[in-house]
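[1] My questions are about this predicted structure, shown below with the sequence.
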Amino acid sequence: MADELDLLRAADPVPADGPHYGDGPLDHTAERHLARLLHDTPRTRRWTGPRLLWSLAAALAAVATTLTVLLGGPGGTPAVAAPRPLAVRAHTTPVPLADVAELAAVAARDGSPALRQGTHVQSWSLGMSDGRPPVTLPEERVVRWAPDGTHTEVVVATDPARPGRPVLTDDGDRTRPVEDGHVLSRRAFPPMWGDAPPYGTPPHDPAGLRTYLTELSGGGTRTLTTPELLDATRELLDNWTLGARETAALAALLADAPGLRPAGRVTDRLGRTGQAYVLDAAPGGRRMLILDPATGAVLGLETTFTRDDPEYGVRAGDVMDYSAWMR
């Protein structure tokens with residue numbers, strides 16, 4: 001399935017009158033190949049995607065158990081390599097979030113690029129399911145929406161840090177390695193519409209977007225905490241590819257979020273240069289937000305442990321999850 005993964009990584013929006021997808025226009029051969037990937041009848045498979053809106057503190061022991069199972073504990077041999085945490089480049093000047101928000105507002109003046117429903121994201125995470133130990137899910141997901149409200153989703157097992165190497169997956173009965181590029185899920189959905197998040201169109205002004213993200217986070221009139229804002233941002237970007245104006249609105253909200261401190265320049269897992277902003281969100285955990293400094297676009301989010309737990313083989317710097325979004 002490696003050739004199918006290559007297509008996923010090379011793809012991008014087709015013309016405005018058709019559905020949208022990834023990073024460059026699909027040629028006829030790629031479209032036929034992708035159509036076969038999307039519409040061929042898949043083997044029956046039970047698959048549950050990760051949903052990481054849980055507390056770092058509450059999840060610490062459960063996630064640590066996974067690291068012991070998958071990585072073999074302090075004295076074991078790793079069964080499947082965990083990603084290394086992203087490292088801020090030494091001697092780089094941190095850029096204040098307010099400055100990035102100003103640049104994002106300037107970049108949004110012509111309204112291009114436009115908002116697009118759907119997403120293209122790579123992620124690595126530890127997730128819980130069915131009372132069994134947590135499992136590692138390194139994957140790439142592409143969601144394409146058509147004008148009639150239907151959409152398709154393709155999920156592929158892939159680890160950009162270990163191209164061509166086996167990837168761990170959970171097929172509902174057991175955890176096992178699969179080939180890089182293995183299709184985990186291919187699904188087609190009937191027409192869906194709605195005004196409520198995440199199907200409702202996100203506003204492109206900060207106040208409206210704040211209300212939208214609050215509703216996405218559970219509603220109410222409360223003010224989102226910074227961890228809640230980051231969780232809602234992840235949920236937003238897992239459903240929408242933001243345009244320039246929505247990106248500027250989100251950058252303005254992030255600039256006002258307490259606790260996010262600029263850390264310096266970082267190269268993300270897709271080789272892109274961004275500015276890192278760090279939040280020490282809970283005992284034992286740290287969040288890193290990566291932004292494109294020129295446009296304010298969110299490139300990624302990463303969660304790491306900040307303290308050792310020898311009982312479970314967890315060390316400071318171990319990655320709990322990351323997401324890297326592509327346009």
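    Perfect, thanks for sending it. Numbers count the residues shown, from 1 in each chain.
[2] Are we agreed that residue 102 is in a helix?
    Yes. Under DSSP: H, G, I helix; E, B strand; the rest coil, residue 102 falls within a helix.
[3] Might you report the residue contacts of residue 303?
    Listed by CB atoms under 8 Å, 6 or more residues apart in numbering, the contact set of residue 303 reads 52, 56, 285-288, 319-322. C-beta here means a position set from N, CA and C on the backbone, and glycine is covered the same way.
[4] Likewise for residue 316?
    304-308.
[5] Could you dump these into CSV with pLDDT, secondary structure and distance to residue 153 added?
    Converted to CSV, the contacts of residue 316 look like this (pLDDT from 0 to 100; DSSP: H, G, I helix; E, B strand; the rest coil; distance: CB to CB, whole Å):
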residue, pLDDT, secondary structure, distance to residue 153
304, 90, strand, 28
305, 83, strand, 30
306, 85, coil, 34
307, 84, coil, 37
308, 81, coil, 38
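[6] re the thing from before, the contacts of residue 303 in strands, which ones?
    Members of the contacts of residue 303 lying in strands (criterion: DSSP state E): 285-288, 319-322.
[7] longest single strand anywhere in the protein?
    strand 116-129.
[8] residue contacts, the closest residue to residue 97 other than its chain neighbours?
    Of all residues not flanking residue 97 in the chain, residue 255 sits nearest, at 4.2 Å (CB to CB, 6 or more residues apart in numbering). Residue 255 makes contact with 97-98, 100-101, according to CB under 8 Å, 6+ apart.
[9] Next, find the distance separating residue 255 from residue 152.
    35 Å (CB to CB, to the nearest Å).
[10] Go ahead and confirm residue 248 touches residue 298.
    No. Residue 248 is beyond contact range of residue 298, at 11.9 Å (criterion: CB atoms under 8 Å).
[11] Neighbour count for these two, which is higher?
    A count of neighbours by other CB atoms under 10 Å puts residue 248 above the other of residue 248 and residue 298, at 27 against 24.
[12] Are we agreed that that one is in a helix?
    Yes. Applying three-state DSSP, one finds residue 248 inside a helix.
[13] Need the per-residue pLDDT for it.
    With respect to pLDDT, residue 248 scores 98.
[14] Tell me the one among the contacts of residue 316 nearest to residue 241.
    Nearest to residue 241 out of the contacts of residue 316 is residue 304 (CB to CB; 26.0 Å).
[15] If you tally nearby residues, what's the number for that closest one?
    22.
[16] Roughly how far does it sit from residue 316?
    Taking CB to CB, one finds residue 304 at 8 Å from residue 316.
[17] Do me a favour and get the end-to-end distance for stretch 185-200?
    Start to finish, the residues bounding stretch 185-200 are 25 Å apart (CA to CA, to the nearest Å).
[18] buried residues in that stretch?
    Neighbour counts using 16 or more other CB atoms under 10 Å place 185-186, 197-198 of stretch 185-200 among the buried residues.
[19] And for stretch 298-307?
    For stretch 298-307, burial by neighbour count (16+ other CB under 10 Å) applies to 298-305.
[20] cool, stretch 278-291 as well?
    In stretch 278-291, counting by 16+ other CB under 10 Å, buried: 278-279, 281-282, 284-291.
[21] same check, this time on stretch 237-257
    Neighbour-count burial for stretch 237-257 flags 237-255, 257 (criterion: 16+ other CB under 10 Å).
[22] Where helices are concerned, which of these count?
    Among the buried residues of stretch 237-257, the ones falling in helices (DSSP state H) are 237, 244-255.
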